[in-house]
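Peer 1: what's the 3D shape of this:
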Amino acid sequence: MISIYHNPRCNKSRICCSMLESLNIHPHIINYTKELFTENTLSEVIRLLKIKPIELVRKNEPEWKEHYKGKELSNTEVIKAMVKYPKLIERPIVVNGNKAAIGRPMEAIQAIL
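Peer 2: Next comes the predicted model:
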């Protein structure tokens with residue numbers, strides 16, 4: 001089962017959904033702005049992405065700049081920040097079994113299909 005963590009307000013996220021549909025792939029779409037991540041779920045996605053939590057953060061978001069910029073945060077604190085402020089999470093994220101990719105660039109998604 002392929003899942004996409006999707007923000008419908010994000011153009012890249014919408015493009016990713018369209019790309020998957022054009023490939024006749026109908027993923028389980030998770031609007032993570034409404035179906036919020038738990039710390040455990042987000043930690044698992046980060047593990048599948050094979051990145052550090054900070055690499056998933058959108059550092060230009062006002063919430064990051066206001067609350068976290070310039071602070072030394074542990075991995076757990078970064079994950080808690082993203083759970084509290086979902087806008088901080090890079091998107092889209094596609095999970096295909098034990099593989100995951102961030103759709104920036106979109107070719108990263110194609111590589112895990």
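
Peer 1: Show me where this structure has its helices.
Peer 2: Along the chain, counting by DSSP state H, helices occupy 11-22, 39-49, 62-67, 75-84, 107-110.

Peer 1: Let's have those in TSV, adding distance to L56 and mean pLDDT.
Peer 2: For glycine as for every other residue, the C-beta is placed from the backbone atoms N, C-alpha and C. As requested, the helices of the chain are exported to TSV (distance: least, Cβ to Cβ, whole Å; pLDDT from 0 to 100):
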stretch	distance to L56	mean pLDDT
helix 11-22	14	94
helix 39-49	6	98
helix 62-67	12	97
helix 75-84	7	98
helix 107-110	13	94
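
Peer 1: So for N31, which of those helices sits nearest?
Peer 2: Of all these, helix 11-22 sits nearest to N31, with 9.4 Å by Cβ to Cβ.

Peer 1: if we can go back for a sec, redo the helices of the chain as CSV? Include mean neighbour count and distance to I29.
Peer 2: What follows is these, written out as CSV (neighbours: other Cβ atoms under 10 Å; distance: least, Cβ to Cβ, whole Å):
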stretch, mean neighbour count, distance to I29
helix 11-22, 15, 7
helix 39-49, 16, 15
helix 62-67, 13, 24
helix 75-84, 17, 19
helix 107-110, 16, 14
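
Peer 1: how about the nearest residue to N98 once chain neighbours are set aside, what does it touch?
Peer 2: Excluding its sequence neighbours, the residue lying closest to N98 (Cβ to Cβ, 6 or more residues apart in numbering) is L48, at 6.5 Å. Counting by Cβ atoms under 8 Å, 6 or more residues apart in numbering, L48 makes contact with 95, 98-100.

Peer 1: gap between E39 and M82?
Peer 2: E39 sits at a distance of 9 Å from M82 (criterion: Cβ to Cβ, to the nearest Å).

Peer 1: okay, and the common contacts of these two?
Peer 2: By Cβ under 8 Å, 6+ apart, no residue touches both E39 and M82.
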